[in-house]
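J.: sharing a model prediction with you, sequence too.
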Amino acid sequence: MPSVKVCLWNIQNYGQPSGKYNGRLGNANELRNRFLSRFLQSNAIDVLMIQEVMPNAQAALTDLVARLNALYPVGQRDWRYSWCGCAIRDDTIATVTQPANLIDRTGARSECFGVVWRSGQAARFTMIRGAYQIAHGSSPATLSPLNISQLGRPTGNVTDNLGVETYGATGGFTRDNVYPWELDPLNDDYDLLNAWPRLNYPRTSNLDARRPSWSRSRRPAYVVIRLNDADSTLCPIAAYHAPSNQQLASWGVYMSGLAREVYATDAVAGVVPNPAIAPVLANAGFFGGDFNYSENNWPGPYRYFTDPRSQNYDSGANLTAVPPHTDPAPDRRTTVQIVTGAGHNVPIVSANTDDYLRYKIDVGFHRNIADITATRVDLLTEIMANPNNVYDNALIQTETYMAYIEDQVENPFNPTRERMTATGPQYEKKQKPRRGPVYYSWVPIICGAWGGTFTDWDESRDQFANADITDARRAGEYIHIFISDHLPLVATIDV
C-alpha cells in the first residue's frame, strides 16, 4: 500500500549564517543540509514542516532542495521549498492575504515557518496551493502552499490553577452546545461550523501584556495535501512553536488545540482552496511542534487535542499524541543535551543515549484512525547505526570543518586569541557583567545551545572522519551542535 510521510521538526535557527552550519567553504548551512538531505531520503519523507526558520533562510533552503534533488534520478527531482512569517503584523489586518501582512519578529526572536516537499507525486498526494500567496519566498516558478492559522472553534472560558479567569474565552466568544458543529433547525442535527471566530495566541515576550492577542503572536502555519485515495481526503499538516515562558507556553498549547485546522479544512476545486465554501471535517491530519511545555501532567493544556468529541464547549479533537504519554519518560524526550548541571557546564559522558535526551516538549497529534501512525525519531540511535552508510558524507565533511577550525587556531597570524585544548578549540571572550569589572574567559568556538564542547576533540574527529560513531556522547555532540537540539516527529499516512 502506498503511503505519504510527513515530518515536523524544530531545526534550531535553520538558515542562520554560522560556521558550525556553513562548513569550511561558508556555504548556506552546508554541513546541516548534507545530513538533512540524507535523513529525508533515507526515511522516505515527502513533506517537511520546519520551525525556527530564520528570515534570511532562502540560500539554505535552496541548498537543501538542490542536495535533495541530486539524490534522486532525473525524473524524480521534484523537491520544492517555501517559507513565511509567523505572526500577523498589526490589529488592522482582519485576514492575511499577502506577505506584508506577516512579520517574523516576535519579542526578542525572529523566526519563520518553512515547508519542503515533493511536488510530483500525484499518484500518492497533491500539495494544495495556499488560500493566498503569503510566503516570503519559494522555489522558482512555484506557488506556495503555506497558510497561517487565524481562526478557531468557539469554546468556554479558561481559568488558571487558582480558579481565576485570566483571559476570557479562548475561542473568541462563548456559546452553549457548540463544538465544531452548529445546530441545523431544519433537520434538528448538527452541521460543521461555516463561521469560526478569530483565534488569539500568547505573545513571546515577558514584557508584553499577559493575554493572548491577534497580532504579533506566533501562531501555527499549515499546508494541506490531498491524498490520492478513494475519498480524495484532505489532510492538513500544521506546525507551531510556542513561547518559551512556561505560562505563555501553556496558553499557546490551549490556543493551538482550538485551531480550525485541527478540526476542519476548506473544500477545494482543483488544487485551489476556496474559503467561501463550507469547510469539511478533517478526517486526517498531523498537527504539532515545539510546545515548550512538558506534558508530564497529562493532559493539562493539551486536553483540547486529546479529549473526546462532543457538542460541549470543553470537548477535544480526539487526536492521538506522539510520543504517547503512556510511554516511559526516556521515550518521550524530544530535545538533545550534551551538558547538564545548574550552570549548564557539566558534560554528560554516559554510554546510554537516553541520558542525552531531555524535555518532553515536542508533541504531534494525528487522527486516531487505522491509516495514520506516527513516531519520534531517535536520531542519536540512527546516526550510530548509520543504515546503509547514508550519513558517511555528512560525518566526514563535518570532520573536515573541524580540521579547518583547528588549522585556524594554530595559525600564528590569526589575530584572535585562541587555543586548542583536549575538548577542542577555544577563544578568549570579553565578558561584561551588569555588576562588577569586565573580565575575559575561555569559551568554546564550536558549541550548541547552553554552551558545552567536545569531551575529546581528537576522538570525535577520528570517529567523524571514519563515518563511524561508536558512542552516545559523539552522537549527542554531532546532533546537538551541527543539526538541531530537537528530534523530528514523523507521521506515515497510508493512501
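T.: Right, received. Where do you want to start? Computed from a predicted structure; not experimentally measured.
J.: for stretch 191-210, measure first residue to last.
T.: Criterion C-alpha to C-alpha, to the nearest Å; first-to-last residue distance in stretch 191-210 is 35 Å.
J.: tell me which helix or strand of the chain sits lowest on mean pLDDT?
T.: strand 165-169 (a mean of 67; mean pLDDT, DSSP states H and E).
J.: buried stuff in the helix or strand just after that strand?
T.: Next in sequence after strand 165-169, counting helices and strands by DSSP states H and E, comes strand 181-184. For strand 181-184, a neighbour-count test (16 or more other C-beta atoms under 10 Å) marks 181, 182 as buried. Backbone N, C-alpha and C define where each C-beta goes, glycine included.
J.: give the pairing partners of strand 181-184; include direction for each.
T.: strand 189-192 (antiparallel) (DSSP bridges).
J.: tell me which residues are up against the lengthiest helix in the chain.
T.: Looking across the chain with DSSP state H, the single longest helix is helix 392-410. Residues from elsewhere that reach helix 392-410 (C-beta atoms under 8 Å, 6 or more residues apart in numbering): 19-20, 23-24, 30-31, 34-35, 38, 386, 414, 418-420, 424-425, 445-446, 457, 460-461, 463-465, 467, 469, 478, 482.
J.: CA atoms only: put it into PDB for me.
T.: Extracted in PDB, the C-alpha atoms of helix 392-410 (Å, rounded to 0.1, in the frame of the first residue of the first chain):
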ATOM      1  CA  ASP A 392      29.100   8.900   5.700                       C
ATOM      2  CA  ASN A 393      29.400  12.100   3.600                       C
ATOM      3  CA  ALA A 394      27.800  14.300   6.300                       C
ATOM      4  CA  LEU A 395      30.100  13.000   9.000                       C
ATOM      5  CA  ILE A 396      33.300  13.200   7.000                       C
ATOM      6  CA  GLN A 397      32.500  16.700   5.900                       C
ATOM      7  CA  THR A 398      31.900  17.700   9.500                       C
ATOM      8  CA  GLU A 399      35.400  16.400  10.400                       C
ATOM      9  CA  THR A 400      36.800  18.400   7.500                       C
ATOM     10  CA  TYR A 401      35.300  21.600   9.000                       C
ATOM     11  CA  MET A 402      36.700  20.700  12.500                       C
ATOM     12  CA  ALA A 403      40.100  20.200  11.000                       C
ATOM     13  CA  TYR A 404      39.800  23.600   9.300                       C
ATOM     14  CA  ILE A 405      38.900  25.300  12.700                       C
ATOM     15  CA  GLU A 406      41.900  23.600  14.200                       C
ATOM     16  CA  ASP A 407      44.200  25.000  11.500                       C
ATOM     17  CA  GLN A 408      42.800  28.500  12.100                       C
ATOM     18  CA  VAL A 409      43.600  28.200  15.800                       C
ATOM     19  CA  GLU A 410      47.100  27.100  15.100                       C
END
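J.: from the chain's centroid, how far away is it?
T.: 28 Å (C-alpha atoms, centre = their mean, to the nearest Å).
J.: quick one: the strands in the stretch 201-350 of the chain?
T.: With strands called from DSSP state E, counting those that start in this stretch, the stretch 201-350 of the chain shows them at 221-227, 234-241, 264-265, 268-269, 272-273, 280-281, 286-290, 319-322, 339-340, 346-347.
J.: now these as CSV including mean pLDDT, distance to residue 68 and mean neighbour count?
T.: Converted to CSV, the strands of the stretch 201-350 of the chain look like this (pLDDT from 0 to 100; distance: least, C-beta to C-beta, whole Å; neighbours: other C-beta atoms under 10 Å):
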stretch, mean pLDDT, distance to residue 68, mean neighbour count
strand 221-227, 96, 17, 25
strand 234-241, 97, 18, 27
strand 264-265, 92, 27, 23
strand 268-269, 76, 27, 14
strand 272-273, 82, 26, 17
strand 280-281, 88, 32, 12
strand 286-290, 98, 21, 27
strand 319-322, 96, 25, 22
strand 339-340, 91, 32, 18
strand 346-347, 90, 34, 14
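J.: tabulate those in CSV, adding columns for distance to residue 142.
T.: As requested, the strands of the stretch 201-350 of the chain are exported to CSV (distance: least, C-beta to C-beta, whole Å):
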stretch, distance to residue 142
strand 221-227, 13
strand 234-241, 17
strand 264-265, 21
strand 268-269, 18
strand 272-273, 15
strand 280-281, 26
strand 286-290, 22
strand 319-322, 30
strand 339-340, 41
strand 346-347, 44
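J.: all helices of the stretch 201-350 of the chain, in order?
T.: Along the stretch 201-350 of the chain, the segments classed as helices by DSSP state H, counting those that start in this stretch run 246-256, 260-263, 303-306, 329-332.
J.: ok, residue 24 - contacts?
T.: Residue 24 makes contacts with 400, 401, 404, as judged by C-beta under 8 Å, 6+ apart.
J.: hang on, the earlier thing: could you identify which of the helices of the stretch 201-350 of the chain is most buried?
T.: helix 260-263 (a mean of 26; mean count of other C-beta atoms under 10 Å).
J.: rounded mean pLDDT for that one, please.
T.: Averaging pLDDT along helix 260-263 yields 94.
J.: name the helices or strands packed onto that helix?
T.: When contacts are defined as 3 or more C-beta pairs under 8 Å, 6 or more residues apart in numbering; DSSP states H and E, helix 260-263 packs onto strand 234-241.
J.: CA-only coordinates of the longest strand anywhere in the chain in CSV, if you can.
T.: Using DSSP state E to define each element, the chain has its longest strand at strand 3-14. The C-alpha coordinates for strand 3-14 follow below in CSV (Å, rounded to 0.1, in the frame of the first residue of the first chain):
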residue,chain,number,x,y,z
SER,A,3,1.9,6.0,1.8
VAL,A,4,2.9,9.6,2.4
LYS,A,5,5.4,10.5,5.2
VAL,A,6,5.4,14.0,6.8
CYS,A,7,7.8,15.3,9.3
LEU,A,8,7.5,18.2,11.9
TRP,A,9,10.9,19.4,13.1
ASN,A,10,12.3,22.3,15.1
ILE,A,11,15.6,22.7,13.3
GLN,A,12,17.3,25.2,15.6
ASN,A,13,17.9,28.5,13.9
TYR,A,14,17.6,27.0,10.4
